[in-house]
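Enquirer: Sharing a sequence plus its predicted fold:
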Amino acid sequence: MRTLFITSNRLGDAILSTAVLARLFDEHPQARVTVACGPVAAALFEGVPQVERVISWRKEKGGRHWWTLWRQVAGTWWDRVIDMRGSALAWTLLARRRAIYRTQRGDAHRLTQMAEALGLATPLMPRLWLTEADRTAASQILGTDERPLLAVAPTANWPPKAWPADSFAELIGRLTGEGGPLEGARVLVAGGPGERDLAAPVLASVPADRLLDLVDRAPLMTLAACFACCRLVVANDSGLMHLSAAAGAPTLGLFGPSKDAHYAPAGPVTAWVRAPESAEALLARSAEVGRTPGALMTGLSVEAVEAAARDLLDTS
């Protein structure tokens, strides 16, 4: 069954969409898939055995990116087109079956919305296809040190929704300091391209002999394999939060001006905590804070995050 799977430019949304692809493979193990996605998400699909081709294409002004994609896929007769971006493209292609997901209103999680829109049984769960090369690369980074590993992802694509760096630093101290549940743990600090400045204060807070700096220093799936080895990952609502959860790591998500109802981390061991104000109230202040890092997350206390982290550690 030849399938075209069109998914997001954004990493987090693309990771959530892997739940639909996983369901397809579970029901049709012989399916052969072409994936079209943004460049950041392409690595998610490159190691999937049933994926024949990954088309990485960038968003362009005036919707020209859809024309770019159409020229690459219009010459094929598809058994199935699955469009997770709600475009009209699926209707212009030769296909026996089409399934189109458009973001829905309401407070249901995006995974639940996907299942309802596409007529799939719930629950849906994101899946990563880690290769042996991914695991080997992670092993080389982590080495043979037997100390527990705490990971933090203190960055976000919009700096105001990142928890303040000094709060991350204090949390790390509480969890890994004397008497903490991860006493003496090494600390992996993760981030993507262009996020080093946002992560810099957190990097500086960790003693050099316990720091693993992976801010824009590891391929995406290598980072996922590193997350899978962690006792705990604490992350802002971001693509890296979803990557960690899908990798199976105990993952604690931090929310403020985005809805945990829509984007809570989905994985075998996850939890989340949010700022006291609603997402709507925080977003209403976005114009006044500009791009000030952490500006919309100051209401989330270290005590609240520490309590959630300890609870997650107790259950994992």
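Expert: Received it, and whenever you're ready, just let me know what you need. Numbers count the residues shown, from 1 in each chain.
Enquirer: C-alpha only now, for contacts and for neighbours.
Expert: Fine.
Enquirer: Tell me how the chain divides into domains.
Expert: 2-118, 133-315 (automatic domain parsing).
Enquirer: Next, give phi and psi for the residue nearest to L182 when sequence neighbours are not counted.
Expert: Nearest residue to L182 in three dimensions, chain neighbours excluded: T176, at 4.7 Å (C-alpha to C-alpha, 6 or more residues apart in numbering). Backbone torsions for T176, taken as degrees, to the nearest 10, come to phi -110, psi -10.
Enquirer: Relative to H109, how far out is W70?
Expert: 30 Å (C-alpha to C-alpha, to the nearest Å).
Enquirer: before we move on, what about T122?
Expert: From T122 to H109 the distance is 12 Å (C-alpha to C-alpha).
Enquirer: Compare those two and say which is more crowded by neighbours.
Expert: Taking other C-alpha atoms under 10 Å, T122 and H109 do not tie; H109 has more neighbours (17 against 12).
Enquirer: List the residues that contact that one.
Expert: By C-alpha atoms under 8 Å, 6 or more residues apart in numbering, the contact set of H109 is A261, H262, Y263, A264.
Enquirer: if we can go back for a sec, list the contacts for the residue nearest to L182?
Expert: Counting by C-alpha under 8 Å, 6+ apart, T176 has contacts L182, E183, G184, A185.
Enquirer: Show me those that map onto helices.
Expert: Among the contacts of T176, no residue falls in helices (DSSP state H).
Enquirer: from these, which single one is nearest V33?
Expert: For those, the closest approach to V33 (C-alpha to C-alpha) belongs to A185, at 41.2 Å.
Enquirer: quick one: contacts for the nearest residue to L198 once chain neighbours are set aside?
Expert: In space, and not counting its chain neighbours, L198 is closest to T155: 6.1 Å by C-alpha to C-alpha, 6+ apart. T155 makes contact with A162, G191, G192, E195, L198, A199, A235, N236, S238, according to C-alpha under 8 Å, 6+ apart.
Enquirer: sorry, back to before: what subset of the contacts of H109 is buried?
Expert: Buried members of those, scored by 16 or more other C-alpha atoms under 10 Å, are Y263, A264.
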